[in-house]
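Colleague: what follows is a protein structure lacking sequence information:
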DNA sequence: ACTTTTCCATACTCTGGCGTATGGTTTGCG
DNA sequence: CGCAAACCATACGCCAGAGTATGGAAAAGT
């Protein structure tokens, strides 16, 4: 076991780098966490098993149990890292766009983007009842909804209305993720998707 | 093995009865299917395992492998039964309410209802990628969205608009299920829920 | 250079569910 | 009644992944 105190070896703020597989001779806990997140994105949290993960990394579980105490601790670390990264993303997008309307629109546009962080979220929604996932998802959703509510307030909605509208808006987002997940075929061409998106924006976001 | 041809022992149209555990001395395939649906509703499809299911029913797997060829066939039967039941539900609600606006509103109100069928749907959304679940979910979602689109058409929307709006509306529903699943505490009191529901209806459903 | 850490491989044990085999009990029916 | 079919229990073998133990190799300190 490592000296267990504040390990997260390479500086914990490395922004979840979609790193190339540097063939480092020795692995760190962060490498395991990243690979775990990749598996979550691809096959969901249920597929995070030590031995398959090790095989995938061309290594054996001997390594794993040196860095972690068990499967739980891996998930814990990976999820926390992911949550922090997502929170930073949110804060950044808040700083970049001044116009609240643009912020809301960019929120929906991000749905079709293919980042690891985003895919992980989509996969995690499928395990909302998992004891380690549930609190994380709840915090992330709250943060994002607060963000959206704030934008609606800036657009002139009263506080209560803004919160309801934020919940509604976020539900639309979640629902879209769900529909995306349950049809392997895109089912919607990109033109159709654009048309739909316009409809959503028109319905939910008050005009400038 | 049973005479395998068209087994579904007691008439297959028994409307997924939330039956009391009649202590029949001998079990049928339908009993296993029902219990499977109960487990799905409670713990998701991943929790449908033969031996635990048998224990739960106070029996052993010897019985199971007489009625079914394996886990897959149980799921197949159970899911198909559920889908048929859901389709009937939909058709019924279509016949009961003439006013399209009332149909839409009742659709949202059903979210808070606690029927087995509904809980199963919520649980299944968490396994949208499962090969046996995916096609079922897709068919069910399509049916329901078509139902909703039709209501919007009756309310005067053009066909294209109605489809977009139906997708949007259904997304809101799915998103709400998701939020419900990921917070153990209701997080929303029933008054708050009512207020939110009014907001949703006001936003999505054109006034009479 | 040589001893300590750090890191990983190998070889176990253990648990839980799947599926099979086979024999015992009922139940329906001739 | 008695026999065949329907139904269930028990006892297997199999497999995959969890976690442990222990020893060997690589890096780092002094």
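Modeller: Noted; the coordinates are in hand. Just so it is clear, the model here is predicted, and its values are computed rather than measured.
Colleague: enumerate every residue touching the closest residue to DNA strand C within chain A.
Modeller: Residue of chain A nearest DNA strand C, by C-beta to the nearest atom of the strand: residue A:62 (1.8 Å). Where C-beta positions appear, they are placed from N, C-alpha and C, glycine not excepted. Neighbouring residues of residue A:62 by C-beta atoms under 8 Å, 6 or more residues apart in numbering or on different chains: there are none.
Colleague: try 10 Å
Modeller: Residues near residue A:62 by C-beta atoms under 10 Å, 6 or more residues apart in numbering or on different chains: residue A:54.
Colleague: near DNA strand D, which residues of chain A are found?
Modeller: A:25-26, A:49-52, A:61-62, A:65, A:70-72 (C-beta under 7 Å from any atom of the strand).
Colleague: helix or strand with the lowest mean pLDDT in chain A?
Modeller: Here the helix or strand of chain A ranked lowest by mean pLDDT, DSSP states H and E is helix A:100-109, holding a mean of 90.
Colleague: buried residues, that one. List them.
Modeller: Within helix A:100-109, the residues that count as buried by 16 or more other C-beta atoms under 10 Å in any protein chain shown are A:100-101, A:103-105, A:107-108.
Colleague: can you tell me which of the residues of chain A next to DNA strand D are classed as buried?
Modeller: residue A:50.
Colleague: quick one: which of the residues of chain A next to DNA strand D sit in helices?
Modeller: In helices, defined here by DSSP state H, the members of the residues of chain A next to DNA strand D are A:50-52, A:61-62, A:65, A:71-72.
Colleague: Serialize the residues you listed to a markdown table and add fields for distance to residue B:81 and pLDDT.
Modeller: Output for those, formatted as a markdown table (distance: C-beta to C-beta, whole Å; pLDDT from 0 to 100):
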| residue | distance to residue B:81 | pLDDT |
| --- | --- | --- |
| A:50 | 37 | 97 |
| A:51 | 37 | 97 |
| A:52 | 34 | 97 |
| A:61 | 42 | 96 |
| A:62 | 47 | 95 |
| A:65 | 44 | 97 |
| A:71 | 35 | 97 |
| A:72 | 37 | 97 |
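Colleague: pull the most distant pair out of those.
Modeller: By the measure C-beta to C-beta, A:62 and A:72 form the most distant pair in those, at 18.7 Å.
Colleague: chain center to stretch A:52-71, what's the gap?
Modeller: On the basis of C-alpha atoms, centre = their mean, to the nearest Å, stretch A:52-71 is displaced by 24 Å from the centre of the chain it belongs to.
Colleague: now do that stretch: distance from first to last residue.
Modeller: Start and end residues of stretch A:52-71 are separated by 12 Å (C-alpha to C-alpha, to the nearest Å).
Colleague: and it, what's buried?
Modeller: For stretch A:52-71, the neighbour count (16+ other C-beta under 10 Å) marks A:53-54, A:57, A:63-64, A:67-68 as buried.
Colleague: same check on stretch A:188-199?
Modeller: Those buried within stretch A:188-199 under the rule 16+ other C-beta under 10 Å are A:188, A:196-197, A:199.
Colleague: what's the answer for stretch A:84-102, then?
Modeller: Going by neighbour count (16+ other C-beta under 10 Å), the buried part of stretch A:84-102 is A:85-86, A:89, A:100-101.
Colleague: quick one: is stretch A:138-155 near chain B?
Modeller: Yes - applying C-beta under 10 Å from any C-beta of the partner chain, one finds that stretch A:138-155 is in contact with chain B at A:138, A:140-142, A:145.
Colleague: so which of the residues you listed belong to strands?
Modeller: Among the residues of stretch A:138-155 next to chain B, no member is found in strands (DSSP state E).
Colleague: got a pLDDT number for the most centrally placed residue in chain A?
Modeller: Central residue of chain A (C-alpha atoms, centre = their mean): residue A:121, 3.5 Å from the mean position. Residue A:121 is assigned 97 on the pLDDT scale.
Colleague: pull the contacting residues for residue A:118.
Modeller: Going by C-beta under 10 Å, 6+ apart, residue A:118 touches A:41, A:86, A:89, A:110-112, A:177.
Colleague: mind running it again at 7 Å?
Modeller: Contacts for residue A:118 were tallied using C-beta atoms under 7 Å, 6 or more residues apart in numbering or on different chains; they are residue A:110.
Colleague: mind giving me the domain ranges of chain A?
Modeller: As assigned by automatic domain parsing, chain A contains the domains A:29-71, A:75-204.
Colleague: could you dump the ones you listed to TSV with distance to residue B:154?
Modeller: Output for the domains of chain A, formatted as TSV (distance: least, C-beta to C-beta, whole Å):
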stretch	distance to residue B:154
domain A:29-71	40
domain A:75-204	19
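Colleague: these: lowest mean pLDDT?
Modeller: domain A:75-204 - the lowest mean pLDDT of these, at a mean of 92.
Colleague: gap between the two ends of that one?
Modeller: Domain A:75-204 has its terminal residues 36 Å apart, counting by C-alpha to C-alpha.
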